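**Q** how does the following fold in three dimensions:
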Amino acid sequence: MAPRSTWIALLSVVLVVMGLSVDANAQSPWRVDKAATAGPLAQTGLSPANGRTRTVFVSFEYARKCDPVFSIIEWTGARLGTPIRRELLRNSKIGLYFNGQFHTSHAGLITYDNGYEAGFSISNDLLLGLLINLNSMSFVTPTGERIPLPLTGFRDALHTAMDICRSRAL
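**A** Alright, predicted model coming up:
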């Protein structure tokens, strides 16, 4: 895994470099964005909440040697605004309930003038479980809200994004 000190900096450039082209007006099946220059994304749009657009994604960045980061972004307006604070979080609520168990590692939060991006590093054990034995998953936001995530297309999108990254970065 990449050192913690580099994780937050990389998280902040994911949106800028990769871009997000998700229809976030409805919870949709997972798909892969293969065109992102920093590395492929497995992503899905979620139903808006409280006037905020929501997108969840797993990024496989070439610079991180394909170590995946699981993230959520919530924002108001047409696009994500200007970053105003970046922080690494200890004992964070940010994470994933996977088959009823909570997982998190090296969580980070970027606050924007119109929203936030929160994410965490995916351990090898969690990645293997997501690929082999997935029954349910919910993303836990910084406020502790548990957002159920769709399973449709998740394994295929995750596997495809991982293969694309490995073929180029390793």
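**Q** now the helices for the chain?
**A** 4-13, 124-132, 154-169 (DSSP state H).
**Q** where are the low-confidence patches of the chain?
**A** 1-27, 170 (pLDDT under 70).
**Q** give me the residue at the spatial middle of it.
**A** What sits nearest the mean C-alpha location of the chain, by Cα atoms, centre = their mean, is residue 71, with 2.3 Å.
**Q** re earlier: out of the helices of the chain, nearest to residue 113?
**A** helix 4-13 (14.0 Å; Cβ to Cβ). For glycine as for every other residue, the C-beta is placed from the backbone atoms N, C-alpha and C.
**Q** could you dump stretch 71-81 to CSV, C-alpha only?
**A** In CSV, the C-alpha atoms belonging to stretch 71-81 read as follows (Å, rounded to 0.1, in the frame of the first residue of the first chain):
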residue,chain,number,x,y,z
SER,A,71,-14.8,6.9,-2.1
ILE,A,72,-18.0,8.8,-2.0
ILE,A,73,-18.5,12.4,-3.2
GLU,A,74,-21.5,14.6,-2.4
TRP,A,75,-21.9,18.1,-3.8
THR,A,76,-24.5,20.7,-4.7
GLY,A,77,-24.5,22.6,-7.9
ALA,A,78,-23.3,21.6,-11.4
ARG,A,79,-19.9,20.4,-10.4
LEU,A,80,-17.6,20.0,-7.4
GLY,A,81,-16.2,23.3,-6.1
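**Q** which parts of that stretch are buried?
**A** If you call a residue buried by 16 or more other Cβ atoms under 10 Å, then stretch 71-81 has these buried ones: 71-75, 80.
**Q** any residues touching that stretch, and which ones?
**A** 11, 14-15, 20, 49, 51-59, 112-120, 139, 141, 147 (Cβ atoms under 8 Å, 6 or more residues apart in numbering).
**Q** same question for stretch 152-166.
**A** Contacts of stretch 152-166 (Cβ under 8 Å, 6+ apart): 29-32, 34, 39-44, 58, 60-62, 66, 68, 127, 130-131, 134, 137.
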